[in-house]
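Participant: when you get a sec, could you give me coordinates for this:
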Amino acid sequence: MACLAMLCSIPAAHAEPLEVMLGGERFYLEVVDDPASRRQGLMGREFLAPDEGMLFDFPSSTTPAIWMRNMLISLDLLFVDEQSRLVKVFTDVPPCDAPPCDIYRVERPIRFVIEVAAGTADRLGLESGMVLNLGRITRQPAPYQ
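Facilitator: So this is what the prediction gives:
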């Protein structure tokens with residue numbers, strides 16, 4: 001039984017932050033690639049370091065929608081396609097205490113949404129059309145769920 005408990009405490013392979021380059025700066029992104037972890041996202045976080053963030057990995061041909069319900073900090077949202085091209089940037093997106101909350105999406109399939117601290121996109125000069133260096137994640141197949 002103790003061995004089973006120990007196995008349950010071993011983090012998933014993707015629990016190691018993904019090292020990427022955004023606008024010439026190194027970032028460490030938590031990867032969330034299943035429905036439960038995507039739902040949780042950064043909810044409840046009170047702080048995000050300037051070089052940290054979260055990368056949501058979605059199934060192919062997905063048009064995800066992001067909202068800021070139960071968030072405690074403002075964020076920049078980067079919508080990125082399968083080829084690592086930055087499709088849309090939403091800057092300084094505020095938290096939402098109660099519905100109705102604004103919904104952030106693009107009207108074409110994307111694979112990733114990256115959440116970073118508010119002000120990051122402007123500071124780095126990130127704009128739609130740029131190709132981002134997302135490292136090893138671009139060589140992995142998209143999740144099924």
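
Participant: and residue 48, how far from residue 71?
Facilitator: 10 Å (CB to CB, to the nearest Å). All C-beta spots, glycine's among them, are computed from the backbone N, C-alpha and C.

Participant: repeat that for residue 31.
Facilitator: For residue 31 relative to residue 71 (CB to CB), the value is 19 Å.

Participant: what's the answer for residue 49, then?
Facilitator: For residue 49 relative to residue 71 (CB to CB), the value is 16 Å.

Participant: looking at those two, which one has more neighbours?
Facilitator: Counted by other CB atoms under 10 Å, residue 49 and residue 71 do not tie: residue 71 has more neighbours, with 20 against 10.

Participant: not counting residues beside it along the chain, what's closest to the more buried one?
Facilitator: Spatial nearest neighbour of residue 71, chain neighbours left out: residue 95 (3.9 Å); criterion: CB to CB, 6 or more residues apart in numbering.

Participant: show me the shaky parts of this protein.
Facilitator: 1-15, 145 (pLDDT under 70).

Participant: quick check: residue 67 touching residue 98?
Facilitator: No: using CB atoms under 8 Å, residue 67 is not in contact with residue 98, being 11.6 Å away.

Participant: looking at the two, which one has more neighbours?
Facilitator: Neighbours per residue (other CB under 10 Å) separate residue 67 from residue 98, with residue 67 holding more: 16 against 7.

Participant: quick one, phi psi at that one?
Facilitator: Main-chain torsions, residue 67, degrees, to the nearest 10: phi -130, psi 170.

Participant: tell me the secondary structure at the spatially closest residue to it that is not a sequence neighbour.
Facilitator: Spatial nearest neighbour of residue 67, chain neighbours left out: residue 101 (4.5 Å); criterion: CB to CB, 6+ apart. The three-state label given to residue 101 by DSSP: H, G, I helix; E, B strand; the rest coil is coil.

Participant: what sits against residue 101?
Facilitator: 67-69 (CB atoms under 8 Å, 6 or more residues apart in numbering).
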